[in-house]
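Participant: here is the input, now give the coordinates:
(2 chains)
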Amino acid sequence: MPVPGAGMTVCVVGVGNALRGDDAVGLEVARLLDGTLPLGVRLVECEGEPVSLLSSWEDCDTAIVVDATESGQEPGTVRRLAAHDGPLPPELQRASTHLLGVAEAVELARALGRLPGRTIVYGIEGGTFDTGAPLSEAVQAAAAEVAASIRRELSEGPG
Amino acid sequence: MSKTRTIRTDYLARVEGEGGMLVRMRGDEVLDVRLKIYEPPRFFEAFLRGRQFTEAPDITARICGICPVAYQMSSCLAMESLAGVEVGGQLRALRRLLYCGEWIESHTLHIFMLHAPDFLGVPSAVELAKIDPALVETALRLKKIGNEVMRVVGGREVHPINVRVGGWYKAPSRADLERMVPDLEWAKDASREAVRVVAGLDFPELEQDYEFVALDADGEYPIDRGGRIISNRGLDFPISEFYDHIVEEHVEHSNALHARLRERGAYLVGPMARYALHRGLLSPDALAAADEVGLEPVVLNPFRSIIVRAVELVHACDEALRLIAEYEEPSSPSIDVVPQAGWGHGASEAPRGTLYHRYRLDEAGTILDAKIVPPTSQNQKMIEEDLFAFVSGHADLGEDELRLRCEQAIRNYDPCISCATHFLTLDVERE
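Facilitator: I've put the predicted structure just below:
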């Protein structure tokens, strides 16, 4: 599979729940990126169990994960974290009672030595998570912002 | 005067769904135990009314992300029973195969990620991965294989889209199925090893005199269907008589209806029940795995359910391999099902136990009434009785240890609380 420069194998994963308002933002970022990334980048939408992240980014040396956060910040706030440097902050660990969360999947991968050497997590603070609601305005804007950042990062290389 | 003690766990981790637990004690005496299910009620039985019978499998599948196939199968069987048709032959074989996929992924998830941490003294699968990465890697691969079976046969890993009343939208080819054989053979070996590993765990002491209830499937280990419900205390009735023998009632502390046997009270469904009633029908290698670790023919210590689940994992892998070996692509992916007015009954063995559906249809096939009785709902009383017995026998344990063991005792049942509510804070109030 062709790679975007310097032998990097890259996986971009948008994680979310399309049915719960701003919880869909990770999926929206993936959709915005579709067709606009360098050839060879693996683009994945993850609506199910974050544990499948481990399969999604298998054999990749770089993974970029996008998910909604619920940590009391202004809706639309974007945080970019280098998960390979250490555990994600506790306030970003949004596990549900039905699934392992992204943060736990990252820790699981780390414990198993299956975390890509460079794992970036973008958290976009959600405003409302109501069933059936569309993305709120601030979150939609943040999605576009994050998609642009990822596009830039992958065409220019890590900053 | 002894003081009242309360132990409280607000959210029970490592179960599916939201629930709590309350234990009230005076000295060493247990006064009250409650499994509090506060997961919001799901109202599926209500909004199925007015839908077409063909929609039941897809709608009810949404009750659960871990065991959707169970809902799809029980609902299909109910509709087909009303129409007086039976989905047999290879179409039925595919159903059983899909169901094996679900057993594999569900049992794997529970054994390794949800329950094993309790026995190994770690709070979660993440910590388990730190002390035994190979075990977690095995679990992830096993789960992936179960999910793959569901994807190949059911069209999608979660809420399979290929299931319909009467059979399937599309039947897989032999080649599609055979491609899974190497993985399933690995899975079978991994399952046998899992039996050995879990058999070596330390098991808290508890034995109960259970009434085990499961489907009887006419000479097969019950998975995808069964016409009768039996127990180790002489129950034996067609599934259509479910409500003649079992009563559901609403209790204040649970959003899930409690079930009990009319004549007797609490009962147990799930792997321990199936094993107790149908042990001889396990595949030879599953039976051998049980014998190798000296698993007793009837398991009465609920903590040892983890071994039974692992034995069923071996069986599910074996069954899947057998069904694939015998598969011939059917000439049509489904049979016609013409709706009749009346009551339809369907039951299958979800990973957690017997799942019963009852529907009333009109002559146009519109659903007028729906009743869904999930296994976890049926097990609630037994869970409470287990807790009562366990705490009574271990009242001297420190608060933290007691809480952990109580949570572990609940996880013995692999509860699927989302299913049960059409969950867990442990409050122990000590007087």
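Participant: all helices of the stretch 201-350 of chain B, in order?
Facilitator: Along the stretch 201-350 of chain B, counting by DSSP state H, counting those that start in this stretch, helices occupy B:242-245, B:271-278, B:284-292, B:305-325.
Participant: cool, chain A as well?
Facilitator: A:25-33, A:53-56, A:102-111, A:137-156 (DSSP state H).
Participant: to chain A, which of the helices of the stretch 201-350 of chain B lies closest?
Facilitator: Each of those has some distance to chain A by CB to the nearest CB; the shortest is helix B:305-325, at 18.1 Å. For every residue, glycine as well, the C-beta is placed using N, CA and C.
Participant: quick check: buried residues in that closest one?
Facilitator: Applying a neighbour-count criterion of 16 or more other CB atoms under 10 Å in any protein chain shown, one finds B:305-321, B:323-324 buried in helix B:305-325.
Participant: again, but for stretch B:137-157
Facilitator: B:138-155, B:157.
Participant: ok, which of those residues also contact chain A?
Facilitator: B:140, B:143-144, B:157 (CB under 8 Å from any CB of the partner chain).
Participant: model confidence over stretch B:350-366, on average?
Facilitator: Stretch B:350-366 carries an average pLDDT of 96.
Participant: kindly apply the preceding question to stretch A:36-53 instead.
Facilitator: 86.
Participant: surely B:Arg196 touches B:Ala290?
Facilitator: No. Here B:Arg196 lies out of contact with B:Ala290, judged by CB atoms under 8 Å, at a distance of 11.0 Å.
Participant: comparing these two, which residue is more hemmed in?
Facilitator: B:Ala290 (25 against 13; other CB atoms under 10 Å in any protein chain shown).
Participant: per-residue pLDDT of the closest residue to that one other than its chain neighbours, please?
Facilitator: In this structure, B:Ala290 finds its nearest non-sequential neighbour in B:Val311, 4.8 Å apart by CB to CB, 6 or more residues apart in numbering or on different chains. Note on B:Val311: pLDDT of 98.
Participant: same check, this time on the one 5 residues further on
Facilitator: The predicted local confidence for B:Ala316 comes out at a pLDDT of 98.
Participant: do I have it right that it meets B:His107?
Facilitator: Yes. Counting by CB under 8 Å, B:Ala316 does reach B:His107; the two are 7.1 Å apart.
Participant: B:Leu135 sits in which helix or strand?
Facilitator: Using DSSP states H and E, B:Leu135 maps to helix B:133-154.
Participant: now for that helix, which elements pack on it?
Facilitator: Applying 3 or more CB pairs under 8 Å, 6 or more residues apart in numbering or on different chains; DSSP states H and E, we find helix B:133-154 packed against helix A:102-111, helix B:89-108, helix B:125-131, helix B:174-178, helix B:181-199.
Participant: tell me the angle of it relative to helix B:305-325?
Facilitator: 40 degrees (axes from the mean of the first three to the mean of the last three CA atoms, to 10 degrees).
Participant: quick check: residues of the stretch 101-250 of chain B near chain A?
Facilitator: B:113, B:124-127, B:129-130, B:133, B:136-137, B:140, B:143-144, B:157-158.
Participant: try it again at 7 Å.
Facilitator: B:125-126, B:129-130, B:133, B:136-137, B:140, B:144, B:157-158 (CB under 7 Å from any CB of the partner chain).
Participant: give me the distance between B:Pro33 and B:Pro302.
Facilitator: One correction, residue B:33 is Val, not Pro. B:Val33 sits 14 Å away from B:Pro302 when distances are taken as CB to CB, to the nearest Å.
Participant: and the two? Which one has more around it.
Facilitator: B:Pro302 (28 against 23).
Participant: residues contacting the more buried one?
Facilitator: Listed by CB atoms under 7 Å, 6 or more residues apart in numbering or on different chains, the contact set of B:Pro302 reads B:206, B:208, B:272, B:386, B:409, B:412.
Participant: closest one of these to A:Pro90?
Facilitator: B:Ala409 (28.5 Å; CB to CB).
Participant: that closest one and B:Tyr210: what is the separation?
Facilitator: From B:Ala409 to B:Tyr210 the distance is 14 Å (CB to CB).
Participant: kindly report the same for B:Arg260.
Facilitator: Taking CB to CB, one finds B:Arg260 at 13 Å from B:Tyr210.
Participant: please say which of the two ends up with more neighbours.
Facilitator: The neighbour comparison of B:Arg260 against B:Tyr210 (other CB under 10 Å) goes to B:Tyr210, with 22 against 17.
Participant: wait, that one sits on B:Val269?
Facilitator: No. B:Tyr210 lies out of contact with B:Val269 (CB atoms under 7 Å); the separation is 10.2 Å.
Participant: minimum distance to chain A, which residue of chain B gives it?
Facilitator: Closest point on chain B to chain A, by CB to the nearest CB, is B:Ala129, at 3.5 Å.
Participant: right, and that residue touches A:Ala111 too?
Facilitator: Yes. B:Ala129 lies in contact with A:Ala111 (CB under 7 Å); the separation is 3.5 Å.
Participant: ok, the two, which is more surrounded?
Facilitator: B:Ala129 (25 against 19).
Participant: list the residues that contact the more buried one.
Facilitator: A:108, A:111-112, B:136.
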